[in-house]
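> Mind looking at a prediction? Sequence and model below.
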Amino acid sequence: MPLGRRARRSVDIWPGFVDALATLVMVIVFLLMVFVLAQFFLGQALSGRQKALDDLGREMAALAEKLNLQTKANAALQVELASSRADKEKLEAWAAGVHQDMASLLALKDEKEAELAAEKKISDEGRAQLALLSRQIEAMRDELARVTAALEASEARDKENKAQISDLGKRLNVALAGKVEELQKYRSEFFGRLRKVLGDHPGIRIEGDRFVFQSELLFETGSAELGVEGIEQVRRLAATLKDIAKTMPKGVNWVLRIDGHTDKRPMLSGRYPSNWELSTARAITVLRTLAANGVPKDRLAAAGFGEFQPVDTADTEAAYAKNRRIEIRFDQR
């Protein structure tokens, strides 16, 4: 009898185990379905974003073409304006000559009239000369009126050309402002994503349009070789930059500039003659690491400033630490 009861208890446990296993399988299937749906909707969102970026690229290309046409139109207007000025100067010179000739004729007329009045005898030849002089004076007056009208027309064309050039300059400024705004949008996105990737590290901060790494986070004292943590931070930077670069339209001409800075204390190591060489070597090391991790080489630049651009001029260890830094600038070429 006791053996029979133990056998029945063993059989009774098996159905509960099967139910628990079936429930676990259902939960796993449900989680897989949720994951697949999430992947599907995420793919749809990314596809829509890529389409928007493609549209933006086409708009940028159209804007560049329009800017090119406007530049050509501006050059043509400048040529026409120069030609109009030259014509105006010629007309003014000719008008001055006409005034001078007219004055001479008037003087000659007065002289003839005085002679005829003095002699009180006007011959047929004198009358003919006087009539000829009068006709010449009238013709000169008509010519002077025509020249004056031509000068006024030339001045009107000058004003119109200046107005067109001013309008073209305003339109070019608006287009350039749009380019700057476009770059600023990607700079903000780059810094935001980089902050998320690198986290709230005490040796990393954002100052204005710069992402700043303290040198101790990347390099040993007096060295331009990246440490283990420094290599990891630069690799994260490269990964973020490559993701951002994929979404940028071709019309945005950007460059990532790496600036090296040191404190003002003199070099103790004989490897680098001065802080200038050390800051430049560190910037180039970061540049080469970014390039080795897939960042396009034509989008990278490096510069060394030594101790000559400090962010804190105090003679304290805290100030020296702030001045020893690598700055990352996302800029326009």
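Yep, it's here.

> For stretch 111-120, output the C-alpha coordinates as CSV.
Presented in CSV, the C-alpha positions along stretch 111-120 are these (Å, rounded to 0.1, in the frame of the first residue of the first chain):
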residue,chain,number,x,y,z
GLU,A,111,30.2,140.0,-81.8
LYS,A,112,28.6,140.0,-85.2
GLU,A,113,25.5,141.7,-83.9
ALA,A,114,27.7,144.4,-82.3
GLU,A,115,29.6,144.9,-85.5
LEU,A,116,26.4,145.1,-87.5
ALA,A,117,24.8,147.5,-85.0
ALA,A,118,27.9,149.7,-85.0
GLU,A,119,28.1,149.9,-88.7
LYS,A,120,24.3,150.2,-89.0
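
> Tell me the buried residues in it?
Within stretch 111-120, the residues scored as buried using 16 or more other C-beta atoms under 10 Å are residue 116. Placement of C-beta: from N, CA and C, glycine included.

> Begin at 892, not 1, for the rest of this chat.
Okay, residue one is now 892; in that scheme the one you just asked about reads as stretch 1002-1011.

> So what's the residue count around residue 1125?
25 (other C-beta atoms under 10 Å).

> Read off the pLDDT value for it.
Note on residue 1125: pLDDT of 94.

> For it, list the residues it contacts.
Residue 1125 makes contacts with 1109, 1117, 1177, 1180, 1181, 1184, as judged by C-beta atoms under 8 Å, 6 or more residues apart in numbering.

> Point me to the helix or strand that includes it.
If you go by DSSP states H and E, residue 1125 is part of helix 1119-1138.

> cool, and residue 1025?
Residue 1025 belongs to helix 1015-1089, assigned by DSSP H and E.

> go on, residue 1194?
Assigned by DSSP H and E, residue 1194 falls in strand 1191-1195.

> Tell me the buried residues in that strand?
Quick answer for strand 1191-1195 (16+ other C-beta under 10 Å): 1191, 1193, 1194, 1195.
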